[in-house]
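1. sequence first, predicted model second:
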Amino acid sequence: MSGGLTLPDLAMLLTAMLGGAAALLVVTSRNVVHAALYLVVTLVSVAATFLLLGAEFLAWTQVLVYVGAVVVLILFGLMLTRAPIGPMSQDTDNSRLALAVSGGLFFFLATMILRAFGDTVIELRHTPALALGEVIYLGWTLPFLVLGFFLTAALIGAVVIARAEVGEGPEPDDEAVLAVPGAPVPTDASANPGVTSPTEEVGV
Amino acid sequence: MQATYPLVFAALLFSVGVYGVLSRRNAILVLMSVEMMMAAVTVNLVAFGELAGGRFADALLTGQVFALFVIAIGAAEVGVGLAIVLLLFRNRSSVNIDDADLMKF
């Protein structure tokens, strides 16, 4: 620690504390939707770290891709899987072991970082999007195109995996009848069997 | 800027992500923890690129290009992962990862 705290140091400390607190809340929150919203705070603080390090294009990419797309995808996943919205026990039995492993990992990493880079100072440079674009399109053209192909293939694969096959999976109407013997069959669900109404699969 | 601040921040994010992966029961929360670990990796890439950028002129931009690739691959990963979770939910009516033990020895 040479000298006092400069303005980027202060901003980085604030960002790191905010992001770290939000990250801890993501893994300890009992409510899954709250966990997803704390994840937004964590990812925005990562984007702020990129901004402070001068990587402006990366910061806005982080905001667009993660906060804009990935978190929305995760929220849709939470809704589609009808995760228990209320508070419940979300942790497995080995959470003490997990706490020991992750705490030990953090102290190991922090000790190593402080010993190796304790007095190193990063000279901050602004990286304009133009320079990054030149490097990507001139030096990294083939990996960039391969990455685009990979992303296309992965998303098509995701659609193929998630698509409902006809006759696949549990039949919600049958199980609703089995679960409550003698219950009248809901006429609207039996009229169009492809549509699963949200109340019927919950108790299965 | 002190080099330790972003690096320790990344280490904290990674460790919290490891805790989430090991201790959470809901598969979507596990995916979120994996996303945090990838974010930690990108912070490390950018910070080390910035750190080495003074001595090696290419390192600054190379670190950012790699971070960009990691972000894109993370987006693909969360798409495929959520598709698998949805399929698991359709077949087992549960997103508890302890229920997905079909291939467990």
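-> On my side now, so go ahead.
2. quick one, helices of chain B?
-> Remark: helices assigned in chain B by DSSP state H are B:4-23, B:27-52, B:57-92.
3. nearest to A:G54, of these?
-> Among the helices of chain B, the nearest to A:G54 by C-beta to C-beta is helix B:27-52 (6.8 Å). The way it works is simple: take the backbone N, C-alpha and C, and place the C-beta from them, glycine included.
4. export the helices of chain B to TSV and tack on mean neighbour count and mean pLDDT?
-> Converted to TSV, those look like this (neighbours: other C-beta atoms under 10 Å in any protein chain shown; pLDDT from 0 to 100):
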stretch	mean neighbour count	mean pLDDT
helix B:4-23	24	94
helix B:27-52	24	92
helix B:57-92	19	90
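5. and chain A, what are its domains?
-> A:7-87+A:98-127, A:129-165 (automatic domain parsing).
6. looking at those domains, which is closest to B:A11?
-> Smallest distance to B:A11 across the domains of chain A (C-beta to C-beta): 3.8 Å, for domain A:7-87+A:98-127.
7. so how far does the closest one reach from one end to the other?
-> Its start and end residues considered, domain A:7-87+A:98-127 measures 19 Å (C-alpha to C-alpha, to the nearest Å).
8. just the mean pLDDT for that domain, thanks.
-> Taken as a whole, domain A:7-87+A:98-127 has an average pLDDT of 89.
9. which of the domains of chain A has the highest mean neighbour count?
-> Of all these, domain A:7-87+A:98-127 has the most neighbours on average by mean count of other C-beta atoms under 10 Å in any protein chain shown, namely a mean of 18.
10. can you give the distance from that domain to the centre of its chain?
-> Put simply, domain A:7-87+A:98-127 sits 10 Å off its chain's centre (C-alpha atoms, centre = their mean, to the nearest Å).
11. for stretch A:140-148, same thing?
-> Per C-alpha atoms, centre = their mean, the centroid offset for stretch A:140-148 relative to its chain is 24 Å.
12. which neighbouring elements make contact with the helix or strand hosting A:A47?
-> Using DSSP states H and E, A:A47 sits within helix A:32-52. Counting contacts by 3 or more C-beta pairs under 8 Å, 6 or more residues apart in numbering or on different chains; DSSP states H and E, helix A:32-52 packs against helix A:7-28, helix A:56-62, helix A:71-80, helix B:4-23, helix B:27-52.
13. a markdown table for the domains of chain A, including distance to B:V16?
-> Shown next, in a markdown table, are the domains of chain A (distance: least, C-beta to C-beta, whole Å):
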| stretch | distance to B:V16 |
| --- | --- |
| domain A:7-87+A:98-127 | 4 |
| domain A:129-165 | 26 |
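14. next structured bit after whatever helix or strand A:L130 lives in?
-> Element membership for A:L130 (DSSP H and E) is helix A:129-134. Next along the chain after helix A:129-134, taking DSSP H and E as the criterion, comes helix A:141-162.
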